[in-house]
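Novice: Here is the input, now give the coordinates:
(one chain, ligands or ions: 2)
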Amino acid sequence: MRPSISIARSVHRVARRSYSSASVPERKVAVLGAAGGIGQPLALLMKLNPLVSHLSLYDIAGTPGVAADVSHINTRSEVKGYAGEEQLAQALEGADVVIIPAGVPRKPGMTRDDLFNINAGIVKGLTTAIAKYCPNALINMISNPVNSTVPIAAEVLKKAGKYDEKRLFGVTTLDVVRAKTFYAGKANANVAEVNVPVVGGHAGITILPLFSQATPTANLPHDVIKALTKRTQDGGTEVVEAKAGKGSATLSMAYAGAIFADACLKGLNGVPDVVECSFVQSSITELPFFASKVRLGKNGVEEVLGLGNLSDFEQEGLQSLIPELKSSIEKGIKFANQS
Ligand SMILES: NC(=O)C1=CN([C@@H]2O[C@H](COP(=O)(O)OP(=O)(O)OC[C@H]3O[C@@H](n4cnc5c(N)ncnc54)[C@H](O)[C@@H]3O)[C@@H](O)[C@H]2O)C=CC1
Ligand SMILES: O=C([O-])CC(=O)C(=O)O
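Specialist: Ligands and ions are numbered 1, 2, ... in the order given. Here you go, the predicted model:
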């Protein structure tokens, strides 16, 4: 995996270069749920990304203010805000990448699956509109439970005759961001140089960090690896509890979402060897969707990479996560087909 971009570096790039359409293609990025806890800082980070020429900010309410605010930043992209369903078509038309952080977040004591009843319907509605107005866009699904919302989106797109498995991504980058941070702390490594693949899904034990493949290598004892694994799996809950009823991760998620969208844009623009972990249609396990390293290219997923060598502990983790992930995937598929 490539090292993550830093925001500071992006800002510098914006200041240094001028962007002719010949050197950097026009790219429209739409953020759905742009007035929310994740949506606002994500809008800011996408405004700082020099690969974006048009930034479309959509929410059911509140987006004119966010768009006016962000639009004053002197970077490349033109910003437009859209509020309410009647403006969704305009928000989506011509989008190359659609990022979806629309939906309710957890409160303490809830699982991500407890969000299903509300978020499943939101994701279904938004994906139906994507199928109609920008069927070729790469979809970056942030809304939880990702283990179910990605299969819902796939079914909606299939029904509309617009499904392309290369263009649908569950964003699991925050798990990678956390694994890198926690590992660097224990391994005494420079966090900017750390890489850790995280596979499986995006909830509890379905999040499987592969610390045996972490670089730089550190030969950490097993009890440390076990604790790092648990902390990565419970990272979302750690934030939910610390926020004590005021939502879940927003700032670190916006950072992670910006990293993943940047990778998608680089892939679309033909940059070689762009690899990130993501929850995608997959045949590397018995499950139809699975997070693993994915090579991104001009059409989205270029290659779903295999799991590599797993330690015995990781192999056990893999076996334990399969039933839960299977049932979350099936729940999403069932919802999309019966409602
Ligand atoms: N994939 C991941 O790693 C992570 C996912 N999440 C998930 O992201 C989602 C959003 O979280 P927050 O931003 O903190 O929530 P939030 O409640 O602060 O913001 C959600 C926004 O979505 C909007 N929204 C609701 N229905 C909509 C619709 N039909 N169309 C457009 N916008 C709509 C709301 O108006 C609100 O502005 C949650 O489901 C949360 O669980 C959060 C953190 C990490
Ligand atoms: O934990 C949550 O509800 C939000 C989330 O997905 C995360 O922070 O990883």
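
Novice: use CA for all of it now, contacts and neighbours both
Specialist: Fine.

Novice: and Asn74, how many residues sit next to it?
Specialist: Other residues near Asn74 number 12, with proximity taken as other Cα atoms under 10 Å.

Novice: let's have the chain start at 730 instead
Specialist: I'll keep to 730 as the first residue from here, and by that count the last item is Asn803.

Novice: For the stretch 830-979 of the chain, which segments count as strands?
Specialist: Assigned strands in the stretch 830-979 of the chain, in chain order: 867-870, 897-899, 927-929, 936-938 (criterion: DSSP state E, counting those that start in this stretch).

Novice: Could you chop the chain up by domain?
Specialist: 757-900, 901-1060 (the TED database).

Novice: Which among these is found nearest to Asn1066?
Specialist: Distance to Asn1066, taken as Cα to Cα, is lowest for domain 757-900 among the domains of the chain, at 7.2 Å.

Novice: got the contact list for Lys853?
Specialist: Contact analysis of Lys853 by Cα atoms under 8 Å, 6 or more residues apart in numbering lists 881-882, 885, 1065.

Novice: Report how many residues lie close to the closest residue to Ala913 other than its chain neighbours.
Specialist: Leaving out its chain neighbours, the residue that sits closest to Ala913 by Cα to Cα, 6 or more residues apart in numbering is Val920, at 5.1 Å. Other residues near Val920 number 17, with proximity taken as other Cα under 10 Å.

Novice: just checking, Val920 touches Lys909?
Specialist: Yes: if you go by Cα atoms under 8 Å, Val920 and Lys909 touch, sitting 6.6 Å apart.

Novice: Close to ligand 2: what parts of the stretch 930-1068 of the chain are there?
Specialist: Contacts of the stretch 930-1068 of the chain with ligand 2, taken as Cα under 6 Å from any ligand atom, map to 965-966, 977-978.

Novice: What is the nearest of those to Asn778?
Specialist: Out of these, the member with the shortest distance to Asn778 (by Cα to Cα) is Ala978, at 21.4 Å.

Novice: And the pLDDT at the closest one?
Specialist: Note on Ala978: pLDDT of 98.

Novice: got it, and Arg731?
Specialist: Here the pLDDT value assigned to Arg731 is 42.

Novice: likewise Ser752?
Specialist: At Ser752, the model reports a pLDDT of 77.
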